[in-house]
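Student: Turn this into a model:
(4 chains)
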Protein chains: 4
Amino acid sequence: MPLRDPVLYPPFNVVRVSHVEYGATDLEHSKAYWVDTLGFVLTEQTADALYLRGLEERNHHSVVLRKSTDPHAASLGFKVYSEADLDIACRHFSELGLSPEWTRKPFQGRTLSVRDPVGTPLEFYFEMAQVESRLRRYGDYKGARIQRIDHVNCFSPDLQQSHDFYNAIGFRTSEYTAAEGTDDLWAVWMHRKGNVHDMALTNGRGPRLHHVGVWVPGVLDIIHVCDVLATTGWLHSMERGPGRHGISNAFFLYLRDPDGHRIELFNSDYLTCDPDHAPLRWDLRDARRQTLWGARAPKSWFEEGSLFPGAVLADSVFTSGEPIVAP
Amino acid sequence: MPLRDPVLYPPFNVVRVSHVEYGATDLEHSKAYWVDTLGFVLTEQTADALYLRGLEERNHHSVVLRKSTDPHAASLGFKVYSEADLDIACRHFSELGLSPEWTRKPFQGRTLSVRDPVGTPLEFYFEMAQVESRLRRYGDYKGARIQRIDHVNCFSPDLQQSHDFYNAIGFRTSEYTAAEGTDDLWAVWMHRKGNVHDMALTNGRGPRLHHVGVWVPGVLDIIHVCDVLATTGWLHSMERGPGRHGISNAFFLYLRDPDGHRIELFNSDYLTCDPDHAPLRWDLRDARRQTLWGARAPKSWFEEGSLFPGAVLADSVFTSGEPIVAP
Amino acid sequence: MPLRDPVLYPPFNVVRVSHVEYGATDLEHSKAYWVDTLGFVLTEQTADALYLRGLEERNHHSVVLRKSTDPHAASLGFKVYSEADLDIACRHFSELGLSPEWTRKPFQGRTLSVRDPVGTPLEFYFEMAQVESRLRRYGDYKGARIQRIDHVNCFSPDLQQSHDFYNAIGFRTSEYTAAEGTDDLWAVWMHRKGNVHDMALTNGRGPRLHHVGVWVPGVLDIIHVCDVLATTGWLHSMERGPGRHGISNAFFLYLRDPDGHRIELFNSDYLTCDPDHAPLRWDLRDARRQTLWGARAPKSWFEEGSLFPGAVLADSVFTSGEPIVAP
Amino acid sequence: MPLRDPVLYPPFNVVRVSHVEYGATDLEHSKAYWVDTLGFVLTEQTADALYLRGLEERNHHSVVLRKSTDPHAASLGFKVYSEADLDIACRHFSELGLSPEWTRKPFQGRTLSVRDPVGTPLEFYFEMAQVESRLRRYGDYKGARIQRIDHVNCFSPDLQQSHDFYNAIGFRTSEYTAAEGTDDLWAVWMHRKGNVHDMALTNGRGPRLHHVGVWVPGVLDIIHVCDVLATTGWLHSMERGPGRHGISNAFFLYLRDPDGHRIELFNSDYLTCDPDHAPLRWDLRDARRQTLWGARAPKSWFEEGSLFPGAVLADSVFTSGEPIVAP
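Tutor: Predicted structure coming up:
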């Protein structure tokens, strides 16, 4: 059975996905996009990095853009519930043969780095420097009024294996796509914090990062930033949308930053914290799961993603016999 | 010069476009779409027709759907300022050799029917039965909360000739598209009531009606009706959008009713009543005029329209040498 | 009868109210409010004045704030249809014994200054310097995204006399309040441009300017500026609202600028250009006309306004026997 | 110290507040308000009760209105993580001397009833009948588009005692109000599900239920329902707002149902699931905590609430020396 029962008492407690670190080739250009145009808050700029957060966030950063000669996704960050959870996590990953390592990252406490079974670089930590929430500083709102990080979405070449890894550490499935007449998982949306997702997994050549998803306070904030992007020289950064996903019910807009990193601005999900909240199944042939309104996504949206350095890329093992058509 | 100076003192006073009459093949099906789904108010249903209006409207109807064996657009209705204007209009059209005729239409006073030089059937009248505005009956709001008719958009095979006809009776140009390096008109947006348009003219095989445009109170009313259409069996009726036009600044959604008649729901235009309000020129090669956000319109949007019975269709005489590519 | 039939063919053609000039005591403080906080566009700053406009406006300014030792409203500006209309207006006002005078104002052509019968200073002109519309420069949008001037609202000590003056020059009544069981006008909303109002008149000690009304593109722009005002030190400038008027159906917010000048931000009116659009009567006892949702306006809103220098203040002649209670 | 450290590992796992049961005197009248006007979904109507839920909810109900000769609040329902948690809860409450009892409720599994230390009737359960989410049935959306229950707010006569009870079972404080210069708690907002609150406690004569809070998808859904309420005979049910709370950042509207039960419609909170998310302190003298925009709440909002039958009412023991002025 492709969807296992959710693990009621996982070995350690992951609170949520909390940050993503990217390699960026031109920090000033990236700042013009993420901060001046989209409306991320610049917490701190160092010699080699931009640390960004959303308006409500108290964690020092939810996005790091670090100067690099090539664009890439460096790692996905997860906050755990306590320092003790880190030690349990270390043992858990060691037992899986995943070779976790203790590392140090700026502005954050003891950090456990590990790659998931398909090679996605993850980091787990408990402590991050806390800064002021700007939620009530409305005079600072601009662009799309980015409020907080919500989730990451990754390509996996072996979705079942990826699902099982996250399931075993307490990620529950809110929605999933399966090939018609089979139980073969094509994509899964998994969460820890009680909404639709912290981690979504899509079948495809990987591991690669498909996008980081950030919450904005209203649908009109997305409409407005479309108008801003289209009239300030960033029209080319609009890849898909705005539109409504069937899956997750999200009102979405997909963007590509100056290095091609994909960002989803979204609004409108729902509560999934009940332990008896049953996963919602979508059939691979149901076009409404991708977009309720019928507009097709561009080829780039299905095919392109940010590379994780050091990971070995593999093609999908998906064997349902279904051609992986543009959904 | 393709754009003539606006006629400061036209021979008679057209107030605005006020209604459109269609031939519809199945009134119950049409009612399910226009009334139950989009949110038009059903003023009156007779044995052979539905009379619809928007929530704020006091005119008895702004859309008539009359039972017919074939779908078509029967006529475009314009309200004039007084009964006396009708007599002057009759003389004006007679002098142009257009053979105006006095007719009677239900719920409306003395009516002057005439075809414009390319064959578009028009009717002019002063008096229509008045009904209650439902603007403050918020409990009746539903669907897209259609508020009022705003404009019609027609294909013309001879845009210069069409422009000159409407210009001569006081329609002023707010925006227009011309082929690069020429003054050849490709499309014009003309108004009487002081916003972007009452009558828009697009170069193409005609005469045909491209769409009727109706005003909705907010952008989110359009987003909501997208969600409603997509989940109540009307997904196929969504032809284009939602999106933002460069021209007119309208936030738009184009729909096709059960007979294929095109409806534009829109919000966000601007005031044009100043006599020195200069027309805004768009170059035919500027893709932002059609849609600020870059999504292409489908082929059907460029090619299809409602036929006017009795009109002789002609291909466009547009001779700029520009291929009429999807803009 | 208090409401006269609308004058179908007025002696000259007023297009709309187009600007207001104020005396302001501290231009930098005013700029911080009108431009930096509310989002007016600063067209030009001279040694002694700020010239402001809304995002869509092409007229050089719709608000002038001129350095003054005392706050006051200097004049209300109306655009006419042609230079010839100015000459007819001059004769019309002379015949009424109102002593019109030709004056020159910066950035505007030949200007006719006159006081209406109760002393309100008006100026009529045809030509004003034209500037670029910023409607499509979305990157410049801020604050409440002020789009254009819409109307002015004045206290008149003799409402019938004021109404008759504007009626005679073509202003049509869209809505009015009358004392119960009488036809005594208590307030009138009159327009030229085809929406609810260019000039509203309220019974009270006058002449004084109650407020200038400016159009914003959406209800959420008003909600957002409330949040901004409340968190950037301008909480005290919020006088009334947000709320919904019964009269005009406007979604409103009333503000007081640093000199106490009242500004209404509003959205949601309707079309009134039909010559047979019958005025809507509200009874003075109907509390919903002031605010549909029931919240009472503060005393200041009923009692305070900007003085017109040189005008002789008079108490209201309203004689219906109704106490002028807070509606 | 009034705010204890959050209990990292509570004795049992409460997932969230999930439902409220009321006594209602006229079910048809209640249905007209909750279902037809506000837009709750009627899951089931039995001979003596209405079972309601929000559009996204899969639990059978989040509000029960049971026929009663007097209006009252019967109990507050909390979902726990597993059946085993119920047994632990039973022991925990027994040890506190609170006399928990096993009861049966329709549509829900084994239920543990208990009163908190000040007498508030609570029920804990794991299993409830599951029904279809209507989140994607947009054609069913109406009124304020109620999406889900979010929180309850109760008056407590002994806030410190109440806080300590909920703190001990894992409720974390997101925000709180304390008297100036003291650490005396005046009000606390506590959560389990990771947003601002599941349970808010306000100092005052109690125990009484102040309100149930329900989430709506957007600010404009609240504005629209204001217009609907004001024009469909329910104006008197609008008690306070719309407005913005400083505390919680909620955009709010407070309503009173036909029996006087208070409902808060709200939008716009934020994520609090991080274990190091520090509580936000508000000073009792800071008027912005109650309403950012400055409008005062009516006396009824501070003083009135729904009674819990069988509870002994007591006055507040608040001893800060501060008069409990309207905040």
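
Student: Which positions within stretch A:15-29 qualify as buried?
Tutor: Neighbour counts over stretch A:15-29 (16 or more other CB atoms under 10 Å in any protein chain shown) mark A:15-25, A:27 as buried. All C-beta spots, glycine's among them, are computed from the backbone N, C-alpha and C.

Student: out of those residues, who's nearest chain C?
Tutor: Of all those, the one with the least separation from chain C (CB to the nearest CB) is A:L27, at 21.0 Å.

Student: pretty sure the closest one contacts A:L50?
Tutor: Yes - using CB atoms under 8 Å, A:L27 is in contact with A:L50, at 5.7 Å.

Student: How about the residues of the stretch 101-250 of chain A by chain C?
Tutor: Counting by CB under 8 Å from any CB of the partner chain, the positions of the stretch 101-250 of chain A adjacent to chain C are A:136-139, A:141-142, A:218, A:220, A:224, A:227-228, A:230-232.

Student: before we move on, back to that, can you work out which residues contact both of A:L27 and A:L50?
Tutor: Counting by CB atoms under 8 Å, 6 or more residues apart in numbering or on different chains, the residues touching both A:L27 and A:L50 are A:L65.

Student: Quick one: the strands in the stretch 1-150 of chain A, in order.
Tutor: Here the stretch 1-150 of chain A has its strands, by DSSP state E, counting those that start in this stretch, at A:14-24, A:41-45, A:49-53, A:63-67, A:72-80, A:101-105, A:108-115, A:121-125, A:148-156.

Student: what's the angle between the fourth one and strand A:101-105?
Tutor: In this structure, strand A:63-67 runs at an angle of 80 degrees to strand A:101-105, with axes from the mean of the first three to the mean of the last three CA atoms, to 10 degrees as the basis.

Student: The last one now?
Tutor: Between the axes of strand A:148-156 and strand A:101-105, defined by the same axes, to 10 degrees, the angle is 140 degrees.

Student: which regions of chain A sit below the pLDDT cut-off?
Tutor: Scanning chain A for pLDDT under 70 picks out the ranges A:1, A:319-327.

Student: Could you check which residue of the stretch 201-327 of chain A lies nearest chain D?
Tutor: Counting by CB to the nearest CB, the stretch 201-327 of chain A gets nearest to chain D through A:Y270 (4.4 Å).

Student: who's in contact with the residue in the stretch 1-150 of chain A that chain B sits nearest to?
Tutor: Per CB to the nearest CB, A:A144 is where the stretch 1-150 of chain A lies closest to chain B, at 13.9 Å. By CB under 8 Å, 6+ apart, A:A144 lies in contact with A:38-39, A:216, A:221-222, A:224-225, A:265.

Student: Could you do A:S133 as well?
Tutor: Shown in contact with A:S133 (CB under 8 Å, 6+ apart): A:55-58, D:270.

Student: and the residue of the stretch 1-150 of chain A found nearest chain D, what does it touch?
Tutor: Closest to chain D within the stretch 1-150 of chain A is A:E56: 4.4 Å, counting by CB to the nearest CB. Applying CB under 8 Å, 6+ apart to A:E56 gives the contacts A:133-135, A:147-148, D:270-271.

Student: Okay, it and A:V214: tell me how far apart.
Tutor: Distance, A:E56 to A:V214, using CB to CB, to the nearest Å: 11 Å.

Student: anything in contact with each of the two?
Tutor: Residues touching both A:E56 and A:V214 (CB under 8 Å, 6+ apart): A:147-148.

Student: returning to that earlier point: how about the strands of the stretch 1-150 of chain A in TSV, adding distance to chain B?
Tutor: Conversion of those to TSV gives the following (distance: least, CB to the nearest CB, whole Å):
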stretch	distance to chain B
strand A:14-24	24
strand A:41-45	26
strand A:49-53	24
strand A:63-67	24
strand A:72-80	26
strand A:101-105	37
strand A:108-115	37
strand A:121-125	33
strand A:148-156	20
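
Student: Show me which residues of stretch A:197-212 are buried.
Tutor: So for stretch A:197-212, counting by 16+ other CB under 10 Å, buried means A:197-204, A:206-212.

Student: quick check, nearest of those to A:M238?
Tutor: Among the buried residues of stretch A:197-212, A:H211 lies closest to A:M238 (CB to CB), at 13.6 Å.

Student: I'd guessed that closest one sits against A:I263; true?
Tutor: Yes - with contact defined as CB under 8 Å, A:H211 reaches A:I263; the gap is 6.2 Å.

Student: Pull up the overlap in contacts between the two.
Tutor: Common neighbours of A:H211 and A:I263 (CB under 8 Å, 6+ apart) are A:Y254.

Student: Would you verify that A:R288 is located in a strand?
Tutor: No - counting by DSSP: H, G, I helix; E, B strand; the rest coil, A:R288 falls outside a strand, being helix.

Student: what about A:R91, how many neighbours?
Tutor: 12 (other CB atoms under 10 Å in any protein chain shown).

Student: got the contacts of A:E56 as CSV, with distance to A:G305 columns?
Tutor: Formatted as CSV, the contacts of A:E56 follow (distance: CB to CB, whole Å):
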residue, distance to A:G305
A:S133, 31
A:R134, 30
A:L135, 31
A:Q147, 24
A:R148, 22
D:Y270, 29
D:L271, 26
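
Student: re earlier: would you mind measuring from the residue nearest to the residue of the stretch 1-150 of chain A closest to chain B when sequence neighbours are not counted to A:R145?
Tutor: Once flanking residues are discounted, A:A144 sits nearest to A:V225: 3.8 Å by CB to CB, 6 or more residues apart in numbering or on different chains. Distance from A:V225 to A:R145, counting by CB to CB: 8 Å.

Student: Show me which of those two is the more surrounded one.
Tutor: Set side by side, A:V225 and A:R145 show more neighbours around A:V225, with 26 against 23, by other CB under 10 Å.

Student: does the more buried one sit in a helix, a strand or a coil?
Tutor: Look at A:V225: counting by three-state DSSP, its state is helix.

Student: Chain C versus A:S133, what's the distance?
Tutor: 13 Å (CB to the nearest CB, to the nearest Å).

Student: I'd like to know which of the contacts of A:A144 are part of helices.
Tutor: In helices, defined here by DSSP state H, the members of the contacts of A:A144 are A:221-222, A:224-225.

Student: tell me which of these is nearest to chain C?
Tutor: Out of these, the member with the shortest distance to chain C (by CB to the nearest CB) is A:H224, at 7.0 Å.
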